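Engineer: here you go, sequence then predicted model.
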Amino acid sequence: NYIKANFYLGQTLPIIEDKLHITYVLNDGAAFSILKGQRLFFIIITVVILVAFLIYLLKTKPENRLFLLSTTMIMSGAVGNLIDRIVIGKVIDFIDVRLINFPVFNLADCLVVCGTILLCIYVLKENQKSIILGKRGKLIKEIGMESRQELQKFLNKKVHLFLFVKLKEAECDVEGALAR
């Protein structure tokens with residue numbers, strides 16, 4: 001590790017004075033140094049989460065690029081911090097953003113945070129699709145989309161099923177009014 005080999009603990013190197021520094025610190029806790037001294041707990045929980053992710057990925061073989069990118073980022077960051085915890089007992093943090101009062105962090109932390117944000121975007125996007133599709137399953141059959149793959153192709157063309165639902169509802173409302 002470059003930081004460990006070239007910096008002494010606590011040493012700081014300004015990259016942009018009072019804004020961004022490289023500062024060598026050791027963290028034996030989680031984010032913001034919570035749960036300090038719980039090395040074994042973090043090793044066990046990280047291994048369990050990594051195994052769960054791997055089992056899920058191997059069983060489901062997801063193809064969605066956003067999902068794959070987000071889980072790869074999370075797992076990579078987790079492995080990076082896990083290696084530090086196993087080898088030296090603590091995580092080496094070195095990115096010191098001084099624009100705001102923020103704890104020193106590392107690249108593995110960035111991967112976990114960015115991956116988690118992308119995973120949330122994926123889940124919200126998929127959840128939105130399933131809400132629309134779940135409520136309008138009958139309409140899906142009416143427009144001839146029997147398989148999930150056909151439906152996925154349809155949605156990926158940026159044609160919003162929501163518009164079809166609203167048109168269909170409007171059509172039903174008009175037919176109901178004319179029948180009266």
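Structural biologist: Alright, I've got the coordinates.
Engineer: check contacts around the nearest residue to residue 74 once chain neighbours are set aside.
Structural biologist: Here the nearest residue to residue 74 in space, its sequence neighbours aside, is residue 115; by CB to CB, 6 or more residues apart in numbering that works out to 3.7 Å. Every C-beta, even on glycine, is put in place using the N, C-alpha and C of the backbone. Residues touching residue 115, when contacts are defined by CB atoms under 8 Å, 6 or more residues apart in numbering, comprise 69, 70, 71, 72, 73, 74, 75, 76, 77.
Engineer: count of neighbours near the residue nearest to the third one when sequence neighbours are not counted?
Structural biologist: Computed as CB to CB, 6+ apart, the closest residue to residue 71 that is not its neighbour in sequence is residue 53, at 5.8 Å. With neighbours defined by other CB atoms under 10 Å, the count for residue 53 comes to 15.
Engineer: which of the residues in the helix or strand that residue 53 is a member of are buried?
Structural biologist: Element membership for residue 53, per DSSP states H and E: helix 39-60. Residues of helix 39-60 classed as buried under the neighbour-count rule (16 or more other CB atoms under 10 Å) are 39, 42, 46.
Engineer: just the CA atoms of it, as PDB, please.
Structural biologist: Taking C-alpha atoms only, helix 39-60 is exported to PDB below (Å, rounded to 0.1, in the frame of the first residue of the first chain):
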ATOM      1  CA  ARG A  39     -12.600  -6.100  13.900                       C
ATOM      2  CA  LEU A  40     -14.000  -9.700  14.100                       C
ATOM      3  CA  PHE A  41     -17.500  -8.400  13.700                       C
ATOM      4  CA  PHE A  42     -16.700  -6.500  10.600                       C
ATOM      5  CA  ILE A  43     -14.700  -9.400   9.000                       C
ATOM      6  CA  ILE A  44     -17.600 -11.800   9.600                       C
ATOM      7  CA  ILE A  45     -20.300  -9.400   8.400                       C
ATOM      8  CA  THR A  46     -18.300  -8.500   5.300                       C
ATOM      9  CA  VAL A  47     -17.700 -12.200   4.400                       C
ATOM     10  CA  VAL A  48     -21.400 -13.000   5.000                       C
ATOM     11  CA  ILE A  49     -22.500 -10.100   2.700                       C
ATOM     12  CA  LEU A  50     -20.000 -11.000   0.000                       C
ATOM     13  CA  VAL A  51     -21.100 -14.700   0.100                       C
ATOM     14  CA  ALA A  52     -24.700 -13.600  -0.100                       C
ATOM     15  CA  PHE A  53     -24.000 -11.400  -3.100                       C
ATOM     16  CA  LEU A  54     -22.100 -14.100  -4.800                       C
ATOM     17  CA  ILE A  55     -24.800 -16.700  -4.300                       C
ATOM     18  CA  TYR A  56     -27.500 -14.300  -5.500                       C
ATOM     19  CA  LEU A  57     -25.400 -13.500  -8.600                       C
ATOM     20  CA  LEU A  58     -24.700 -17.100  -9.400                       C
ATOM     21  CA  LYS A  59     -28.300 -18.200  -8.900                       C
ATOM     22  CA  THR A  60     -30.100 -15.400 -10.800                       C
END
